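Asks: missing the sequence, but the structure's below:
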Ligand code: HEM
């Protein structure tokens with residue numbers, strides 16, 4: 001193991017895409033979508049319907065962060081990049097951060113922050129109900145992402161609970177599919193579904209191999 005100045009710890013001389021990314025660098029990278037959105041709002045770059053663009057962009061970034069967090073373990077084990085383990089919690093918190101921004105954008109731009117209307121609207125529109133269910137499940141994962149929660153739940157229960165991140169991904173895809181199906185525009189949904197299927201497939205194959213070996 002060696003330490004590269006300013007870029008964090010590099011295990012066994014391996015680098016991530018040629019550069020070992022330290023936590024602070026990844027933190028800044030994950031904030032870039034937000035920085036772009038702030039810039040786009042300030043300089044009127046969101047097109048004819050900025051409110052709708054904001055709700056959609058925050059939804060897109062929640063889903064992208066979710067794919068990223070799901071990809072960390074397969075990347076770590078497949079390419080022997082142990083340093084990725086240190087990023088998992090931070091990326092997970094970013095998934096939740098963008099999910100909260102998405103919910104707040106909807107509550108603000110679609111519902112004028114009238115929470116009674118939000119509560120009435122959620123069960124009325126099935127695709128929003130599915131998105132909200134994913135959000136509640138993500139909230140549980142975010143609330144239990146701290147060391148104290150791991151101790152309180154016990155490692156085994158904690159791991160079982162946090163495996164439900166795949167259920168969150170499935171609900172997020174259903175939410176996206178439902179919304180886009182109404183517009184007959186499913187290309188992007190298919191791309192995300194393929195990414196999640198590959199990542200889930202990787203886990204399933206690994207679990208099967210482990211069981212066969214046992
Ligand atoms: C894990 C949670 C969630 C994820 C990953 C997610 C993801 C997405 C995605 C990818 C889109 C489509 C963006 C596009 O068309 O480019 C979207 C749209 C949308 N989502 Fe979510 N969402 C989540 C939760 C929620 C919640 C909790 C609500 C509200 C209660 C919500 C309300 C909406 C609305 C209103 C739209 C836009 C519909 C339109 O413009 O026609 N989402 N979401």
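Replies: Great, that's in hand. Note that the structure is a prediction, hence the values are computed from the model and not measured. Numbering: from 1, shown residues only.
Asks: Quick one: distance of the longest helix seen in the chain to the chain centre.
Replies: The longest helix of the chain (DSSP state H) is helix 50-78. Computed by C-alpha atoms, centre = their mean, to the nearest Å, the chain-centroid distance of helix 50-78 equals 4 Å.
Asks: And stretch 168-184, by the same measure?
Replies: 15 Å.
Asks: quick check: mean pLDDT across it?
Replies: For stretch 168-184, the mean per-residue pLDDT is 97.
Asks: got the buried residues for that stretch?
Replies: Neighbour-count burial for stretch 168-184, counted by 16 or more other C-beta atoms under 10 Å, picks out 168, 169, 171, 172, 173, 174, 175, 176, 177, 178, 179, 180. Backbone N, C-alpha and C define where each C-beta goes, glycine included.
Asks: and that stretch with the ligand, contact?
Replies: Yes: against the ligand, stretch 168-184 shows contacts by C-beta under 6 Å from any ligand atom at 168, 172, 175, 176, 179.
Asks: Where helices are concerned, which of those count?
Replies: Short answer: the residues of stretch 168-184 next to the ligand in helices (DSSP H) are 168, 172, 175, 176, 179.
Asks: Model confidence score at residue 16, please.
Replies: pLDDT, residue 16: 50.
Asks: oh sorry, the question was meant for residue 5
Replies: pLDDT at residue 5 comes out at 35.
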